[in-house]
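Give me a 3D structure for the following:
(2 chains)
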2 protein chains.
Amino acid sequence: MGSSTPASTRERLLDAAATLFYRDGVGIGVEALCKAAGVSKRSMYQLFDSKDALVAASLEYRAPVYAALTLPGPDDTQPPRERIMHVFERLEAVSGTPEYRGCPFVATAVELKDPEHPASVVARHAKDGLTAFFRAEAERGGAGDPETLARELTVVFDGASARAVVQGGSLDGLAVKMAATLLDAAGLCGRGNDEGARSPGEENRAP
Amino acid sequence: MGSSTPASTRERLLDAAATLFYRDGVGIGVEALCKAAGVSKRSMYQLFDSKDALVAASLEYRAPVYAALTLPGPDDTQPPRERIMHVFERLEAVSGTPEYRGCPFVATAVELKDPEHPASVVARHAKDGLTAFFRAEAERGGAGDPETLARELTVVFDGASARAVVQGGSLDGLAVKMAATLLDAAGLCGRGNDEGARSPGEENRAP
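You can find the predicted model right below:
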């Protein structure tokens, strides 16, 4: 990884790569990428073995930023249902912006079409991280089958992201409504019971 | 469109393009494409104004084939719930095959990253067609809000497709279970009531 190279070159390249791969797709050429980052191709290949390695490294480098866009912050103290709903409320907001191109992890995997590509592995780990967040909250909230609920919520997240891309517009509350329906069906009620009116037995599970 | 050109050349090109764009992505070069189709670049540009036009035309050409993979056939006489569930059962089967690369319409839109691209417009129309199918069945089945239910089912379809790509494997019944949960919540019961046990009032809506 060229420990003698200043960290700033590596970070500048990772930043530019993450931005361009997301905006234009992973098919963008190394030439254009290095130009945008202000880094020579020689420097790039000193830092990364291949473009594939750069795609993977840039996605991993940017992953915490992407996660912070939708996950509750470290100081959040809300109950499980609210913490899960936070993700979908943030998704509705983020997916309505003009620069939105879908979930970056799903987009990368869909574009690469190879589950063994190092960047597809990064994408899979990131999505597994989101599912793990949902599962932990579902467990804490007393859901009957936290693992299945977590997978279902991830499917809603990715399906709603895809819808925002295909329709080129706002989700109009669809993701929030679907998440609430799944949480209701799983018996995961909220602090205020304001979204769980259809779920029988939710009173028994109020935190 | 060159009416003097034999239809077979156009169809051979559309077939090869649809197959290669789905398998390798829309970034594949015109050179490789024409070679695979056994068509000269000159012939290609006589038939299509641009590669963008070919991407759109090939997706539209293949759309009925893709639709037939998951929709019930023209002779199907099952009740609405069963017809909707058929789509998700088929999705589970199709997405578990090694050549699966996700929903072709979502994949194209995600790769192009431009809702105004002619192929993104084709993709949007195709997804709207799936939503229209769900809505018609939801209406026929007496769902309270057929439009919302139809959109939700489309989100599950696309989210499950994305999951199959990201995880590189089988959905293990997740799409079928989620569709059933949404149909239950919307009061759309089936012939046998075998999947709708959790839905209050479903007895009143049996077809």
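
A:Leu112 contacts A:Ala119, correct?
Yes: look at A:Leu112 against A:Ala119 with CB atoms under 8 Å: they come within range, at 6.0 Å. From N, CA and C alone the C-beta is placed, and that goes for glycine too.

what sits in contact with each of those two?
Residues touching both A:Leu112 and A:Ala119 by CB atoms under 8 Å, 6 or more residues apart in numbering or on different chains: A:26, A:55.

contacting residues for the closest residue to chain B within chain A?
Using CB to the nearest CB, A:Gly159 is the residue of chain A that sits closest to chain B, at 2.6 Å. Going by CB under 8 Å, 6+ apart, A:Gly159 touches B:154-160, B:162.

The helix or strand containing it versus helix B:146-167: what angle between them?
Using DSSP states H and E, the element containing A:Gly159 is helix A:146-167. For helix A:146-167 against helix B:146-167, the angle by axes from the mean of the first three to the mean of the last three CA atoms, to 10 degrees is 110 degrees.

Give me the packing partners of the helix or strand that helix A:146-167 is followed by, helices and strands only.
Going down the chain from helix A:146-167, the next helix or strand is helix A:174-185, by DSSP H and E. Packing contacts for helix A:174-185, counted by 3 or more CB pairs under 8 Å, 6 or more residues apart in numbering or on different chains; DSSP states H and E, involve helix A:80-95, helix A:146-167, helix B:146-167, helix B:174-185.

Just want the angle from the first one to helix A:174-185.
Pointing back at helix A:80-95 there. Using the same axes, to 10 degrees, helix A:80-95 lies at 160 degrees relative to helix A:174-185.

and helix A:80-95, how far from the chain's centre?
How far helix A:80-95 lies from its chain's middle: 12 Å, per CA atoms, centre = their mean, to the nearest Å.

what does it rub up against?
Outside helix A:80-95, the residues that touch it by CB under 8 Å, 6+ apart are A:69-72, A:76, A:78, A:100, A:130, A:133-134, A:137-138, A:140-141, A:153, A:156-157, A:160-161, A:164, A:170-171, A:173, A:175-176, A:178-180, A:183, A:188-191, A:195-196, A:207.

pLDDT averaged over it - what is it?
Mean pLDDT, helix A:80-95: 98.

And for the shortest one?
Confidence for helix B:174-185, expressed as mean pLDDT, is 96.

okay, and for chain A, where does confidence drop off?
Chain A contains residues with pLDDT under 70 at A:1-7, A:191-207.

all helices of it, in order?
For chain A, the helices defined by DSSP state H occupy A:7-24, A:30-37, A:41-47, A:51-70, A:80-95, A:104-112, A:118-140, A:146-167, A:174-185.

Buried residues in the last one, which are they?
Just to be clear, that refers to helix A:174-185. A:174-185 (16 or more other CB atoms under 10 Å in any protein chain shown).

Repeat that for the third one.
Across helix A:41-47, burial judged by 16+ other CB under 10 Å covers A:43-47.

Check stretch A:81-92 too.
For stretch A:81-92, a neighbour-count test (16+ other CB under 10 Å) marks A:81-88, A:90-92 as buried.

and if you look at stretch A:128-145?
Those would be A:128, A:130-131, A:133-135, A:137-138, A:141-143, for stretch A:128-145 by 16+ other CB under 10 Å.

gap between the closest residue to A:Gly173 other than its chain neighbours and A:Ala63?
In space, and not counting its chain neighbours, A:Gly173 is closest to A:Glu92: 6.6 Å by CB to CB, 6 or more residues apart in numbering or on different chains. Here the criterion is CB to CB, to the nearest Å. By it, A:Glu92 lies 21 Å from A:Ala63.

what's the most distant pair in the buried residues of stretch A:128-145?
Greatest spatial distance among the buried residues of stretch A:128-145 (CB to CB): A:Asp128 and A:Gly142, at 22.8 Å.

Centre of the chain to stretch A:162-176, how far?
Centroid separation between stretch A:162-176 and its chain, computed with CA atoms, centre = their mean, is 15 Å.

What of stretch A:81-98?
Between the centre of stretch A:81-98 and the centre of its chain there are 11 Å (CA atoms, centre = their mean).

do the same with stretch A:84-103
10 Å.

End to end on it, go ahead and measure it.
Stretch A:84-103 has an end-to-end distance of 17 Å (CA to CA, to the nearest Å).

hang on, A:Pro146 packs against A:Phe133?
No: counting by CB under 8 Å, A:Pro146 does not reach A:Phe133; the two are 11.3 Å apart.

so which of the helices of chain A gets nearest B:Ala107?
Here helix A:104-112 is closest among those (CB to CB), at 5.2 Å.

in that closest one, what counts as buried?
Going by 16+ other CB under 10 Å, helix A:104-112 has these buried residues: A:104-112.

Show the overlap between these and what lies near chain B.
Near chain B, judged by CB under 8 Å from any CB of the partner chain, the entries from the buried residues of helix A:104-112 are A:105-107, A:109-111.

Tell me which two of the residues you listed sit farthest apart.
A:Phe105 and A:Glu111 (11.1 Å).

Can you give me the separation between the nearest residue to A:Pro118 once chain neighbours are set aside and A:Ala68?
Spatial nearest neighbour of A:Pro118, chain neighbours left out: A:Ala56 (3.7 Å); criterion: CB to CB, 6+ apart. Computed as CB to CB, the A:Ala56 to A:Ala68 distance reads 20 Å.

Those two: which is more packed in?
A:Ala56 (21 against 12; other CB atoms under 10 Å in any protein chain shown).

who's in contact with the more buried one?
Listed by CB under 8 Å, 6+ apart, the contact partners of A:Ala56 are A:117-119, A:121-122.

For those residues, pick the one with the most neighbours.
A:Ala119 leads the contacts of A:Ala56 on contacts (other CB under 10 Å) with 24 neighbours.

Please list all residues in contact with it.
A:26, A:52, A:55-56, A:59, A:108-109, A:112.
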